[in-house]
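Novice: model the following, please.
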Amino acid sequence: MALRALKTALSLRSLYRLQKIQAHMVSSNAGAEVLLEKVGNAGVITLNKPKILNALTLTMIRQIYPQLKKWEKDSETDIVIIKGTGDKAFCAGGDIRSLSDAGKVGDPLTQDLFREEYTLNNAIGTFKKPYVALINGITMGAGFGLSVHGQFRVATEKTLFAMPETAIGLFPDVGGGYFLPRLQGKLGLFLALTGFRLRGRDVQRAGVATHFVESEKLGALEKNLVELKSPSVSDVAQVLNTYQGQSTLDAEKPFALQQHTEAIDRLFKASSVEEILENLQKDGSAFAQKQLETLAKMSPTSLKLTFRQMQMGASMNLQEVFVMEYRLSQACMRGSDFYEGVRAVIIDKDQNPKWKPSTLAEVTEQLVEESFRSLGDRDLRL
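Specialist: Numbering: from 1, shown residues only. Prediction:
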């Protein structure tokens, strides 16, 4: 009887210890910046910083990259799904405040972050298995890099997409120089220069997302995806197509830029940023006037770098684009506009940056050329 009581006490103690361990694991996971889980035959990446809209940090990149490479080689992992915690954001961008702070004191974060982020973006672009990004909520900057280079990007009615870098003295990086010039007509250049925001179904209509699925169906969609056995790309596409077919929300609403597509192609067909501005001024329409007002707020240096980036990226492969963009990132870290942009938009929030140079005319061809120049031994190597 005493022996049985002792065994019962020991088993209860073991159960209590196991419960404590499980509770600790749950609380640890809840505090982790990124969750990397194996669910069935799927690898699932969850960006887990909802309070700051799942902004991507170097710590997160250093967790995601090696796991992605392991899953690529693992015969028991057939598909990778990436998503964000909460429904406000998939990933609203990178941790630019930390980047700005680091740049002011010469911290190597200004090199490490860009190098390792672009290496991760390239790993996604060359990933040999189906890769599905559920871009529910805000998807900007770094979130673009974590999604668009994979085969499948699923937008919802809550998706808000933009590349707003010219407003903070940067350029649309993370492979924007490859992806954006390949959108229809001059749409990519328009999005790159103006930071125009696309919402919901329009993210798919523009070609940024491959599918549109209502957010309430994402849980069921993910369950179906992880249950697939050794799926081919076409198997995954079939599941996504089925869910898209069941998602009728906003199907009747026209593309927000539909009535401006011809104007975008005509006005943004130019050999320089200055020529685009001339086209907009001559056109005189309300749409053209709005774009003039928008571009006037952007960093003149960023506009010229971005224009050249889009021109060159159109004929480069993905790896060449990342090498080019790394050179540009370091030029921006050496300059002053990025730090001023972060001050005006993120720190002081006065939305009144003082760009240097302050006009397009003052941004010399020499400055642009130097920004694209090889860094020698410090160039990005993929």
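Novice: poorly predicted segments of the stretch 1-150 of the chain, please.
Specialist: 1-30 (pLDDT under 70).
Novice: so who does L198 touch?
Specialist: 160-162, 191, 206, 208, 256 (Cβ atoms under 8 Å, 6 or more residues apart in numbering). In this view, the C-beta of every residue, glycine as well, is placed from N, C-alpha and C.
Novice: which residues does it form a beta bridge with?
Specialist: Per DSSP bridges, the residues bridged to L198 are F161.
Novice: burial count for the closest residue to L56 other than its chain neighbours?
Specialist: Excluding its sequence neighbours, the residue lying closest to L56 (Cβ to Cβ, 6 or more residues apart in numbering) is A142, at 4.0 Å. The number of residues packed near A142 is 27, by other Cβ atoms under 10 Å.
Novice: same check on G141?
Specialist: Close neighbours of G141, defined as other Cβ under 10 Å, add up to 25.
Novice: may I ask you to confirm that it is in contact with G175?
Specialist: No. G141 lies out of contact with G175 (Cβ atoms under 8 Å); the separation is 11.3 Å.
Novice: who touches the host helix or strand of A296?
Specialist: Element membership for A296 (DSSP states H and E) is helix 286-297. The contact list for helix 286-297 (Cβ under 8 Å, 6+ apart) reads 167, 190, 193-196, 260, 263, 267, 273, 276-277, 279-281, 303.
Novice: what residues sit buried inside it?
Specialist: Along helix 286-297, these residues count as buried under the neighbour rule (16 or more other Cβ atoms under 10 Å): 287-288, 291-292, 294-295.
Novice: what pLDDT, on average, does that helix get?
Specialist: Per-residue pLDDT over helix 286-297 has a mean of 98.
Novice: tell me the first helix or strand C-terminal of it.
Specialist: By DSSP H and E, the next helix or strand past helix 286-297 is helix 300-313.
Novice: quick one: buried residues of that next one?
Specialist: For helix 300-313, the neighbour count (16+ other Cβ under 10 Å) marks 300-310, 313 as buried.
Novice: just those now: which is nearest N122?
Specialist: G313 (14.1 Å; Cβ to Cβ).
Novice: that closest one and V203, how far apart?
Specialist: 21 Å (Cβ to Cβ, to the nearest Å).
Novice: next one: G137
Specialist: 11 Å.
Novice: need the residues touching each of the two.
Specialist: Joint contacts of G137 and V203 (Cβ under 8 Å, 6+ apart) are T159.
Novice: how many other residues sit next to the residue lying closest to S98 once chain neighbours are set aside?
Specialist: What sits nearest to S98 in space, not counting adjacent residues and going by Cβ to Cβ, 6+ apart, is L109, at 6.8 Å. L109 has 18 neighbours, counted by other Cβ under 10 Å.
Novice: surely L109 and S100 touch.
Specialist: No. Using Cβ under 8 Å, L109 is not in contact with S100; the gap is 10.1 Å.
Novice: so V321, which state does it fall into?
Specialist: Secondary structure, DSSP: H, G, I helix; E, B strand; the rest coil: V321 is helix.
Novice: make 33 the starting number, not 1.
Specialist: Sounds good: first residue 33 from here, last item V353.
Novice: that one: what's it in contact with?
Specialist: By Cβ under 8 Å, 6+ apart, V353 lies in contact with 207, 209-210, 345.
Novice: just among these, which is most surrounded?
Specialist: Neighbour-wise, those (other Cβ under 10 Å) top out at G209, 28 neighbours.
Novice: just give the nearest non-adjacent residue to that one, would you?
Specialist: Distances taken as Cβ to Cβ, 6+ apart put G345 closest to G209, at 3.1 Å, once the chain neighbours are dropped.
Novice: what sits against the one you found?
Specialist: Counting by Cβ under 8 Å, 6+ apart, G345 has contacts 208-210, 212-213, 353, 356.
Novice: same question, V240
Specialist: So V240 contacts 176, 180, 185, 187, 193, 215, 230 (Cβ under 8 Å, 6+ apart).
Novice: tell me the most packed of the residues you listed, by neighbour count.
Specialist: Ranking the contacts of V240 using other Cβ under 10 Å puts A187 first, with 33 neighbours.
Novice: that one against Q236, yeah?
Specialist: Yes. Between A187 and Q236 there is a contact at 5.3 Å, judged by Cβ under 8 Å.
Novice: find residues that contact each of these two.
Specialist: In terms of Cβ under 8 Å, 6+ apart, A187 and Q236 are both contacted by the residues 243-244.
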